[in-house]
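*Asks:* Fold the following, please.
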Amino acid sequence: MDKTTHSFQAEVKQLLHLVTHSLYSNKEIFLRELISNASDACDKLRFEALDNSALYEDAPNLEVRVLVDKAARTLTIRDNGIGMSAQEAIDHLGTIAKSGTKEFMGRLSGDQQKDAQLIGQFGVGFYSGYIVADRITVESRRAGLKAEEGVRWSSEGTGDFEVEAITKPTRGTDIILHLREGEDEFLTAWKLRGIINKYSDHISLPILMQKEEWDAEKSEYVTQDAWDTVNQAAALWTRSKSDITEEQYHDFYKQISHDSEPPLAYTHNRVEGRSEYTQLLFVPKNAPYDLWNRDRKGGLKLYVKRVFIMDDAEALLPSYLRFVKGVIDSADLPLNVSREILQESRDVKAIREGCTKRVLSMLEELANNEDQAKRDQYAAFWKEFGAVLKEGVGEDFTNKERLAKLLRFASTHADENVSLADYVGRMKEGQDAIYVITADSLAAAKNSPQLELFKKKGIEVLLLTDRVDEWVLSHLYDFDGRPMQNVTKGAIDLGKLQDEEEKKKAEEAAESLKPLLERLKTALGERAKDVRVTTRLVDSPACLVTEEGDMSAHLARLLKQAGQTAPEVRPVLEVNPEHALVKKLEASEHFDDLAHILFDQALLAEGGQLEDPAAYVRRVNSLLATSAV
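*Replies:* All right, here's what the predicted structure looks like:
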């Protein structure tokens with residue numbers, strides 16, 4: 001193949017401009033990213049070689065080498081991994097996913113150090129080399145191809161890159177960085193060794209550098225032919241916990257997650273029994289940018305007998321724990337395990353159950369700790385991941401009770417972090433149910449007319465405002481023997497909390513207002529399923545509720561917003577017999593207009609949308625004009 005010139009994808013040009021002009025406050029991260037990519041290439045070779053051992057050629061020992069050429073001012077990261085063909089070099093080094101680039105740009109904060117940490121998260125680590133290099137040359141040959149089928153890729157990181165065929169006797173990839181002026185520190189062995197120890201010590205492959213000896217005559221260190229291993233070259237999870245420091249755990253987490261922050265919690269265990277495996281699991285502090293992306297791949301790194309099998313093994317954890325990072329190393333699974341086999345394997349089911357219980361134990365340790373700082377950590381976790389954890393209530397019947405104890409809500413007594421146990425502990429004497437309300441926002445929930453009686457009597461109500469909450473309620477019927485009762489559904493019955501005089505007064509009002517209720521029902525027609533007197537209102541004239549067993553109006557709105565079909569919800573209009581507007585209603589010559597205004601205002605108060613806003617405006621304006629006269 002003759003030398004050819006290609007243009008970078010527009011998004012790559014944008015990214016390269018950013019890298020070369022902005023991300024210079026933490027330059028050393030380029031080495032972390034390139035060594036990580038080299039390690040991944042070796043893992044990929046090991047995986048493909050499970051079916052074709054000939055891919056190892058005559059070099060079965062996988063490794064990464066870091067070479068310095070002070071005269072040429074180049075730094076080379078060499079691996080003997082899977083390598084690239086010419087087309088793969090063009091595709092992989094000249095193009096990146098548009099969505100990834102867009103998200104990457106959108107996440108930039110202007111803080112150079114934090115921005116630099118994002119590089120690895122978005123699969124664009126290769127381009128970090130341009131932080132210190134004004135030209136990068138990549139020489140590669142894919143395992144299994146002939147020596148003359150090697151490829152050389154080269155670019156100054158501007159608009160174009162060149163590709164040509166070369167003869168490369170060994171498989172794998174050399175990334176050769178031609179350093180910019182002023183970047184000589186990255187030609188110094190002690191500097192490079194320090195960076196490798198800091199970021200890449202836990203890479204399970206040996207990272208080799210040439211030894212140096214002091215030459216007294218030249219007054220400088222001289223490179224020797226011998227090599228030594230710079231990193232520990234042993235997978236962190238295979239070592240004894242007593243030999244690993246917290247800082248090493250944190251560094252390993254940052255390496256596999258590309259997170260700039262240490263984890264919130266972690267656990268490292270060797271599990272023995274019907275299935276033998278090692279688990280090293282981390283709970284992050286912050287939610288990833290794509291947590292709610294349906295196409296996002298989640299899961300743990302899977303190894304079998306220390307052989308890398310796959311990233312993102314989703315079968316090892318339930319979906320509601322998709323934020324957990326970590327490694328599973330199984331002693332029982334076959335080396336040729338596939339994603340399909342993972343879904344059916346009994347050993348995988350045991351690993352999944354064990355990992356789930358371990359993660360929940362970590363969260364319980366934070367949530368129930370006597371140390372306020374730990375509980376604050378759980379509050380921070382809940383803010384980031386609470387809505388995801390709630391999914392488990394409906395997905396994981398086995399652990400539903402444990403998950404229920406981990407749930408946190410806002411309430412009429414506290415803005416956040418109210419557990420169900422907290423609520424039960426504060427229940428009034430004679431209170432039988434746990435009262436909740438669902439709404440689109442905290443403000444809408446707090447100010448809902450349905451809460452007026454509860455506020456008057458000082459009864460706490462949980463305010464559920466996450467989109468998943470309606471689904472949670474459909475699976476969480478009770479807690480600690482107390483039923484969950486949505487205050488927007490059915491006729492309100494406070495039982496022992498409502499005295500006999502109040503009940504008698506409500507019954508009398510309902511009887512005396514029967515003619516008015518019938519007129520309202522006739523005026524509203526199909527809009528209302530029923531009209532009745534309420535006991536739940538204090539200051540508002542009316543509110544809408546749904547009957548027990550019917551879908552709530554809030555859930556119906558959520559389904560429609562998601563583009564799904566929702567049944568038509570016909571609510572019940574409840575009116576407050578003590579309100580001045582209701583008392584004047586019967587004698588009004590604008591009865592029908594007022595009936596619809598009452599209904600529409602109640603709909604707006606619960607966060608609903610009017611089907612005919614113009615009609616509502618006309619009715620209100622007509623009444624305003626009449627009263628003005």
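
*Asks:* surely T170 meets D79?
*Replies:* No - T170 lies out of contact with D79 (C-beta atoms under 8 Å); the separation is 10.3 Å. Quick note: C-beta positions are derived from backbone N, CA and C, even for glycine.

*Asks:* These two - which one has more neighbours?
*Replies:* D79 (27 against 16; other C-beta atoms under 10 Å).

*Asks:* quick one: the helices in the stretch 451-600 of the chain?
*Replies:* Here the stretch 451-600 of the chain has its helices, by DSSP state H, counting those that start in this stretch, at 452-457, 469-473, 500-512, 514-524, 553-561, 580-585, 591-605.

*Asks:* Name the SS class of the spatially most central residue of the chain, please.
*Replies:* A centroid search over the chain (C-alpha atoms, centre = their mean) returns L291, at 2.8 Å, as the residue closest to the centre. Assigned state for L291: coil (three-state reduction, DSSP: H, G, I helix; E, B strand; the rest coil).

*Asks:* and what of V327?
*Replies:* Here V327 is recorded as strand under three-state DSSP.

*Asks:* R270 too?
*Replies:* Per three-state DSSP, R270 ends up strand.

*Asks:* That one: how many residues sit nearby?
*Replies:* Burial of R270 is recorded as 14 neighbouring residues (other C-beta under 10 Å).

*Asks:* Check whether it really touches T278, as I assumed.
*Replies:* Yes - in this structure, R270 is within contact of T278 by C-beta under 8 Å, at 5.0 Å.

*Asks:* Check which residues of the helix ranked longest in the chain are buried.
*Replies:* If you go by DSSP state H, the chain has its longest helix at helix 346-367. Residues of helix 346-367 classed as buried by neighbour count (16 or more other C-beta atoms under 10 Å): 347-348, 350-352, 354-356, 358-360, 362-363, 366-367.

*Asks:* Please save the CA atoms from that helix in CSV.
*Replies:* This file holds the C-alpha atoms of helix 346-367, laid out as CSV (Å, rounded to 0.1, in the frame of the first residue of the first chain):
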residue,chain,number,x,y,z
ARG,A,346,-25.6,-21.7,37.5
ASP,A,347,-22.2,-20.5,38.5
VAL,A,348,-22.9,-17.0,37.2
LYS,A,349,-26.2,-17.0,39.1
ALA,A,350,-24.3,-17.7,42.3
ILE,A,351,-21.8,-15.0,41.5
ARG,A,352,-24.7,-12.5,40.8
GLU,A,353,-26.4,-13.3,44.0
GLY,A,354,-23.2,-13.0,46.0
CYS,A,355,-22.2,-9.7,44.4
THR,A,356,-25.7,-8.3,44.9
LYS,A,357,-25.6,-9.2,48.6
ARG,A,358,-22.1,-7.7,49.0
VAL,A,359,-23.0,-4.4,47.4
LEU,A,360,-26.2,-4.1,49.5
SER,A,361,-24.1,-4.8,52.6
MET,A,362,-21.7,-2.0,51.7
LEU,A,363,-24.7,0.4,51.3
GLU,A,364,-26.2,-0.8,54.6
GLU,A,365,-23.0,-0.2,56.4
LEU,A,366,-23.1,3.4,55.3
ALA,A,367,-26.8,4.0,55.8
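
*Asks:* Output the contacting helices and strands for the following helix or strand past it.
*Replies:* Downstream of helix 346-367, the first helix or strand assigned by DSSP states H and E is helix 372-389. When contacts are defined as 3 or more C-beta pairs under 8 Å, 6 or more residues apart in numbering; DSSP states H and E, helix 372-389 packs onto helix 346-367.

*Asks:* Check the average confidence over the helix it packs on, would you?
*Replies:* Helix 346-367 comes out with an average pLDDT of 94.

*Asks:* Tell me how this protein divides into domains.
*Replies:* Following automatic domain parsing, the chain resolves into domains at 4-229, 236-367, 500-628.

*Asks:* Please produce a markdown table containing those domains, extended by distance to N399.
*Replies:* Output for these, formatted as a markdown table (distance: least, C-beta to C-beta, whole Å):
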| stretch | distance to N399 |
| --- | --- |
| domain 4-229 | 30 |
| domain 236-367 | 6 |
| domain 500-628 | 24 |
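
*Asks:* Spatially nearest residue to L555 (excluding sequence neighbours)?
*Replies:* Of all residues not flanking L555 in the chain, E470 sits nearest, at 4.2 Å (C-beta to C-beta, 6 or more residues apart in numbering).

*Asks:* Next, count neighbours for that neighbour.
*Replies:* Count around E470 with other C-beta under 10 Å applied: 19.

*Asks:* Is it correct that it is in contact with T488?
*Replies:* No - assessed by C-beta under 8 Å, E470 is found out of contact with T488, at 10.8 Å.

*Asks:* for this structure, which spans come out with low pLDDT?
*Replies:* 1, 19-25, 96-124, 294-297, 493, 495-496, 498-499, 553-554, 556-567, 628-629 (pLDDT under 70).

*Asks:* Which parts of the stretch 51-200 of the chain are strands?
*Replies:* Remark: strands assigned in the stretch 51-200 of the chain by DSSP state E, counting those that start in this stretch are 64-69, 74-79, 133-141, 150-155, 160-166, 172-179.

*Asks:* can you redo those strands as JSON lines with distance to W214?
*Replies:* As requested, the strands of the stretch 51-200 of the chain are exported to JSON lines (distance: least, C-beta to C-beta, whole Å):
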{"stretch": "strand 64-69", "distance to W214": "16"}
{"stretch": "strand 74-79", "distance to W214": "21"}
{"stretch": "strand 133-141", "distance to W214": "28"}
{"stretch": "strand 150-155", "distance to W214": "35"}
{"stretch": "strand 160-166", "distance to W214": "37"}
{"stretch": "strand 172-179", "distance to W214": "23"}
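
*Asks:* Right, I'll call it a day here.
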